[in-house]
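Trainee: sequence below, structure please.
(one chain, ligands or ions: 1)
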Amino acid sequence: MTHDRELFEIIAREEERQNTTLQLIASENFASRKVMAATGSVLTNKYSEGYPGKRYYGGNRIIDEVEDLARRRVVALFGSHLPAGSIHANVQPHAGANANLAAYLAVLEPGDTVLGMRLDQGGHLTHGSPVNISGRFYNFVSYGVTDSDERLDYDQIADLARDHRPKLIVAGATAYPRIIDPEPLRRIADEVGALFLFDAAHIAGLIAGGAHPNPVGVADIVTFTTHKTLRGPRGAAILCREDLGAAIDKAVFPGLQGGPLEHVIAAKAVAFYEAAQPEFAEYAQRVVRNAQALAAGLAGEGFRIVSGGTDNHLMLVDLRSFDPELTGKVAQEALDRSAITLNKNTIPNDPRSPFVTSGLRIGTPAVTTAGMGQTEMASIARLIGRVLRRIGDEPESAAVRDEVAVLCSKFTPYP
Ligand SMILES: *Cc1c(COP(=O)(O)O)cnc(C)c1O
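Mentor: Coordinates of the predicted model:
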């Protein structure tokens with residue numbers, strides 16, 4: 001067979017891009033070589049519809065060991081503080097969106113009322129956006145952040161819950177820089193007789209590393225992606241109360257998915273193993289400290305940081321304080337030309353559309369995996385300031401690009 005040079009050259013170029021440019025997208029990370037080895041293993045060849053011990057195909061004795069190992073490890077990682085057997089794990093969801101949809105399918109009927117966070121204030125598409133199936137099949141009511149401190153106000157969520165009597169309360173966000181405390185949400189859910197789903201997609205790694213409160217055992221269902229702060233393969237998992245396990249399993253398969261991706265489940269098992277090591281707790285702390293250092297550096301450059309700072313792996317930057325005319329779209333494109341990759345994002349009460357925006361979302365999980373620390377965060381803040389002060393100045397853009405190349409050459413994720 002001849003070598004598929006066409007494709008593998010493209011992959012090599014993407015590896016080069018990841019090694020030589022700054023990755024500041026808050027939902028991204030660098031998976032380990034072991035995670036990627038499992039993803040590229042022979043497990044990709046096997047059909048294993050069903051669950052360990054109850055498969056629709058033969059030849060699954062070894063595959064069952066893989067999936068059982070992944071399930072045991074994820075329960076140990078997030079549920080070691082709970083009585084044995086009280087938490088059920090499903091490691092089959094192909095992505096975070098599927099995990100959330102499976103949770104809804106397991107506990108809701110179409111038309112049921114659900115309380116979730118507003119998309120334009122940090123929530124996720126699957127928390128009731130009208131363009132997502134969640135918003136089309138269920139009656140989502142949204143809560144947001146306050147105008148004053150741009151944080152969640154649990155009293156306001158409680159008032160909404162009393163008014164709307166949701167069957168489910170969803171917590172979790174894609175662009176919220178503060179700790180989400182599961183305890184007050186549990187109390188609100190109990191008061192109104194709702195179930196409580198915590199979507200920990202972004203912060204699963206921070207929870208595993210002990211840097212954020214653990215919702216497992218507090219919420220009835222916890223969904224999370226494995227590829228963001230958790231640093232595993234692209235995919236997701238669900239942890240839930242044991243008595244909801246059968247409904248969750250049925251919702252994932254046959255409700256939503258067909259054959260599980262056992263090669264990815266194996267890679268999730270690798271990630272759960274890595275996240276259980278003491279170094280991972282240090283990593284989680286460093287991610288947060290780096291985000292705080294980067295936010296402080298950007299504030300020093302004249303950018304307003306939404307809510308005044310960050311408790312997690314990301315910050316939202318309000319560009320209007322820096323330059324009232326500057327949009328997130330223009331800033332993202334200018335930074336991209338200087339090899340700094342991040343994304344535009346709406347900020348709370350953003351007057352501009354989601355395609356334009358007045359903000360940027362910046363995250364530290366990937367650069368922290370690459371080994372960068374607070375000194376590098378200070379440099380990155382200065383580089384961002386330089387680019388955005390002189391948009392359209394090609395020599396300045398090239399000078400920053402060169403500095404980024406030097407920085408990345410010292411912190412290469414895949415040497
Ligand atoms: C990323 C994310 C998801 C979806 O994950 P995908 O794997 O992209 O489907 C769901 N919820 C939240 C809060 C997220 O941040």
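
Trainee: okay, now the residue in the chain positioned nearest to the ligand: neighbour count?
Mentor: Residue of the chain nearest the ligand, by Cβ to the nearest ligand atom: residue 96 (2.4 Å). In this view, the C-beta of every residue, glycine as well, is placed from N, C-alpha and C. Residue 96: 29 surrounding residues under other Cβ atoms under 10 Å.

Trainee: that one contacts residue 199, correct?
Mentor: Yes: counting by Cβ atoms under 8 Å, residue 199 is a contact partner of residue 96 at 7.4 Å.

Trainee: overlap in contacts of the two?
Mentor: Common neighbours of residue 96 and residue 199, using Cβ atoms under 8 Å, 6 or more residues apart in numbering, are 124, 126, 223, 224.

Trainee: quick one: residues contacting the residue lying closest to the first one once chain neighbours are set aside.
Mentor: Taking Cβ to Cβ, 6 or more residues apart in numbering as the measure, residue 124 lies nearest to residue 174, with 4.9 Å between them; neighbours along the chain are not counted. Applying Cβ under 8 Å, 6+ apart to residue 174 gives the contacts 26, 27, 122, 123, 124, 201, 202.

Trainee: how about the residue positioned nearest the centre of the chain: what's its closest non-neighbour residue?
Mentor: Centroid-nearest residue in the chain: residue 202, 2.5 Å away (criterion: Cα atoms, centre = their mean). Leaving aside its chain neighbours, residue 202 sits nearest to residue 228 (5.4 Å; criterion: Cβ to Cβ, 6+ apart).

Trainee: show me where the stretch 251-400 of the chain has its strands.
Mentor: 304-305, 314-318, 340-341, 343-345, 359-363 (DSSP state E, counting those that start in this stretch).

Trainee: deepest of the ones you listed, which one?
Mentor: Burial of these is given as mean neighbour count (mean count of other Cβ atoms under 10 Å); strand 359-363 ranks first at a mean of 27.

Trainee: if we can go back for a sec, widest-spaced pair of the shared contacts of residue 96 and residue 199?
Mentor: 126 and 224 (12.6 Å; Cβ to Cβ).

Trainee: the two - which one has more neighbours?
Mentor: The residue with more neighbours, out of residue 126 and residue 224, is residue 224; 31 against 27, by other Cβ under 10 Å.

Trainee: where does the prediction get shaky in the stretch 301-415 of the chain?
Mentor: Along the stretch 301-415 of the chain, the model assigns pLDDT under 70 to no residue.

Trainee: quick one: the helices in it?
Mentor: For the stretch 301-415 of the chain, helices defined by DSSP state H, counting those that start in this stretch occupy the ranges 328-337, 365-369, 374-389, 394-410.

Trainee: in a markdown table, list the ones you listed along with distance to the ligand and mean neighbour count.
Mentor: Below are these laid out as a markdown table (distance: least, Cβ to the nearest ligand atom, whole Å; neighbours: other Cβ atoms under 10 Å):
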| stretch | distance to the ligand | mean neighbour count |
| --- | --- | --- |
| helix 328-337 | 18 | 19 |
| helix 365-369 | 12 | 26 |
| helix 374-389 | 22 | 19 |
| helix 394-410 | 25 | 15 |
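
Trainee: would you turn the ones you listed into CSV with distance to residue 261?
Mentor: Converted to CSV, the helices of the stretch 301-415 of the chain look like this (distance: least, Cβ to Cβ, whole Å):
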stretch, distance to residue 261
helix 328-337, 31
helix 365-369, 23
helix 374-389, 35
helix 394-410, 31
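
Trainee: can you pull the contacts of residue 48?
Mentor: Contact analysis of residue 48 by Cβ under 8 Å, 6+ apart lists 55, 57, 60, 63, 64, 67, 259, 260, 262.

Trainee: thinking again about what came up before, and of the strands of the stretch 251-400 of the chain, who's closest to residue 81?
Mentor: Closest approach to residue 81 among the strands of the stretch 251-400 of the chain is made by strand 314-318 (26.3 Å; Cβ to Cβ).

Trainee: who does the closest one touch, helix- and strand-wise?
Mentor: Counting by 3 or more Cβ pairs under 8 Å, 6 or more residues apart in numbering; DSSP states H and E, the packing neighbours recorded for strand 314-318 are helix 278-300, strand 304-305, strand 359-363.

Trainee: can you rerun that using 6 Å?
Mentor: Where contact means 3 or more Cβ pairs under 6 Å, 6 or more residues apart in numbering; DSSP states H and E, strand 314-318 is packed against helix 278-300, strand 359-363.

Trainee: using PDB, write out the CA atom coordinates for stretch 405-415.
Mentor: C-alpha atoms of stretch 405-415 as PDB (Å, rounded to 0.1, in the frame of the first residue of the first chain):
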ATOM      1  CA  ALA A 405       8.100  31.400  18.400                       C
ATOM      2  CA  VAL A 406      10.900  31.800  20.900                       C
ATOM      3  CA  LEU A 407       8.500  31.300  23.800                       C
ATOM      4  CA  CYS A 408       7.000  28.200  22.300                       C
ATOM      5  CA  SER A 409      10.400  26.700  21.400                       C
ATOM      6  CA  LYS A 410      11.100  26.500  25.200                       C
ATOM      7  CA  PHE A 411       7.700  25.000  26.000                       C
ATOM      8  CA  THR A 412       6.900  22.500  23.200                       C
ATOM      9  CA  PRO A 413       4.000  20.200  24.000                       C
ATOM     10  CA  TYR A 414       5.100  17.500  21.600                       C
ATOM     11  CA  PRO A 415       8.900  17.600  21.400                       C
END
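
Trainee: which residues does it contact?
Mentor: 19, 20, 30, 370, 371, 372 (Cβ atoms under 6 Å, 6 or more residues apart in numbering).

Trainee: who in the chain is up against the ligand?
Mentor: Counting by Cβ under 6 Å from any ligand atom, the chain comes close to the ligand at 27, 95-97, 100, 124, 126, 172-174, 199, 201-202, 225, 236.

Trainee: taking those residues together, which two end up most distant?
Mentor: Farthest pair in the residues of the chain next to the ligand, by Cβ to Cβ: 95 and 173, 17.0 Å.

Trainee: of these two, who's got more company?
Mentor: Comparing residue 95 with residue 173 by other Cβ under 10 Å, the one with more neighbours is residue 173, at 26 against 16.
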